[in-house]
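[1] sequence? don't have it. structure:
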């Protein structure tokens, strides 16, 4: 099996590129969450608490834990972008995680209690909805023809898939 499910010129499948892009954005957001100025009220940042006063771009409530989760999500995205199937799983699984966080932040958690330990605010909640739907949509749209399409990205002829053109 090959490391990537590449096309004729060694290009990655579109879903792999999408997972790489999402992973890089999460890494960037995680790093920026630790940069004073880009994160307002940086001195009020807590490790994990609803009382963290730090806000990325002055809008999204963050904490050390919140930033570390973004960094981890980015690393996982880059690691799973190595194959199309893992990239698809990352985008769908990550999207589902963000939809759960959206429901949790919108319905379950009182933003002023210890249950909001990550922490999230209203801007985070709506961003989580957008991220969840966007990640799932990317995975589904970019792989919708994969199961039946012949060629390097489809079931009949992709590298390492057992079909025609399989590399040893």
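    Cool, got the structure. These numbers were taken from a predicted model, which means no experiment stands behind them.

[2] any idea where the strands of the protein begin and end?
    With DSSP state E, the ranges of strands along the chain come out as 39-40, 55-56, 60-61.

[3] Check which helices and strands the first one is in contact with.
    Contact analysis of strand 39-40 by 3 or more C-beta pairs under 8 Å, 6 or more residues apart in numbering; DSSP states H and E lists strand 55-56 as its packing neighbours. In this view, the C-beta of every residue, glycine as well, is placed from N, C-alpha and C.

[4] quick one on the thing from earlier: dump the strands of the chain into a markdown table; add mean neighbour count and distance to residue 129 as well.
    Shown next, in a markdown table, are the strands of the chain (neighbours: other C-beta atoms under 10 Å; distance: least, C-beta to C-beta, whole Å):
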| stretch | mean neighbour count | distance to residue 129 |
| --- | --- | --- |
| strand 39-40 | 18 | 22 |
| strand 55-56 | 22 | 17 |
| strand 60-61 | 20 | 13 |
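
[5] Distance to residue 122 and mean pLDDT added to the ones you listed, as a markdown table?
    As requested, the strands of the chain are exported to a markdown table (distance: least, C-beta to C-beta, whole Å; pLDDT from 0 to 100):
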| stretch | distance to residue 122 | mean pLDDT |
| --- | --- | --- |
| strand 39-40 | 16 | 94 |
| strand 55-56 | 12 | 92 |
| strand 60-61 | 9 | 89 |
